[in-house]
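A.B. asks: Got a predicted structure here, sequence first:
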Amino acid sequence: MVAFMRKVFRRLFPRPAPLYKIGNVKFHNTLVDTLTPNLVEIGDNFVSAPGSIILSHDASTYFHSGKYRVGKTTIGDNVFLGANATVMPGVTIGDNVIVGAGSVVTKDVAANAVVCGNPARFMCTVAEYIDKCEEKGVLVPAPKGFSGIFSNKQITEQDRQELQFIAEEHYKNGR
């Protein structure tokens, strides 16, 4: 009976489709503002880690003024949003940006930047970050199956095991 009632309820009150705009390719694990999703725009090749949040409204002013603060939040192409990072309302993040885990982005971020912290601050360019990672020897090649995540293909158990093997071998060999 409960299942039947749920089915009837869902038909009478269907959930609306997400109202925010997102590019054609993504691997996204983000909570996008549900109150004003129409003010969120996300570009192509967006990747986000668990717990990340993108806001386009802020209720902090409500009890003091009876008004909400709102702003268009725009994220460019080829952006990585780290675990538990928060993008505040009205922020624009340029193309080719890496936002570190736990960061709170309160101001616009220029293209090709790596930012982190609370509030998020410029650390270096993406090219400099890649160079630092290469110097430290912490980059490993991604398994072939991982390229599929950017076309919304699921990563298989075999792909996951392959990455684990690559990482384990990398660290066994002195890295």
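C.D. replies: It's in.

A.B. asks: What separation is there between the residue nearest in space to the middle of the chain and T86?
C.D. replies: Nearest residue to the geometric centre of the chain (C-alpha atoms, centre = their mean): S48, 2.5 Å. Distance, S48 to T86, by C-beta to C-beta, to the nearest Å: 11 Å. Heads up, the C-betas are built off the backbone N, CA and C, glycines and all.

A.B. asks: next one: P37
C.D. replies: To T86, P37 is 16 Å away according to C-beta to C-beta.

A.B. asks: and stretch 46-61, which residues are buried?
C.D. replies: 46-49, 51-58 (16 or more other C-beta atoms under 10 Å).

A.B. asks: farthest-separated two in those?
C.D. replies: Pairwise distances across the buried residues of stretch 46-61 (C-beta to C-beta) peak at 24.9 Å, for the pair V47 and D58.

A.B. asks: picking up where we left off before, let me have the buried residues of stretch 46-61 in a markdown table, extended by distance to I22.
C.D. replies: Conversion of the buried residues of stretch 46-61 to a markdown table gives the following (distance: C-beta to C-beta, whole Å):
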| residue | distance to I22 |
| --- | --- |
| F46 | 7 |
| V47 | 12 |
| S48 | 11 |
| A49 | 16 |
| G51 | 18 |
| S52 | 14 |
| I53 | 15 |
| I54 | 10 |
| L55 | 15 |
| S56 | 13 |
| H57 | 18 |
| D58 | 21 |
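
A.B. asks: The longest helix anywhere in the chain: how far from the chain's middle?
C.D. replies: Using DSSP state H to define each element, the chain has its longest helix at helix 157-172. Put simply, helix 157-172 sits 24 Å off its chain's centre (C-alpha atoms, centre = their mean, to the nearest Å).

A.B. asks: in it, what's buried?
C.D. replies: 159, 162-163.

A.B. asks: Domains of the protein: list them as residue ranges, please.
C.D. replies: The record's domain parsing of the chain by automatic domain parsing lists 18-125, 140-175.

A.B. asks: the more surrounded of P37 and T86?
C.D. replies: T86 (21 against 17; other C-beta atoms under 10 Å).

A.B. asks: pLDDT below threshold where in the chain?
C.D. replies: By pLDDT under 70, the weakly predicted segments of the chain are 2, 5, 8-9, 12-20, 24-27, 145-153, 174-175.

A.B. asks: and I22, bridged to which residues?
C.D. replies: I42 (DSSP bridges).

A.B. asks: Provide a list of residues in contact with it.
C.D. replies: 28, 41-42, 46 (C-beta atoms under 8 Å, 6 or more residues apart in numbering).

A.B. asks: what do you get if the cut-off is 10 Å, keeping everything else the same?
C.D. replies: Listed by C-beta atoms under 10 Å, 6 or more residues apart in numbering, the contact set of I22 reads 28, 30, 32, 40-44, 46, 75.
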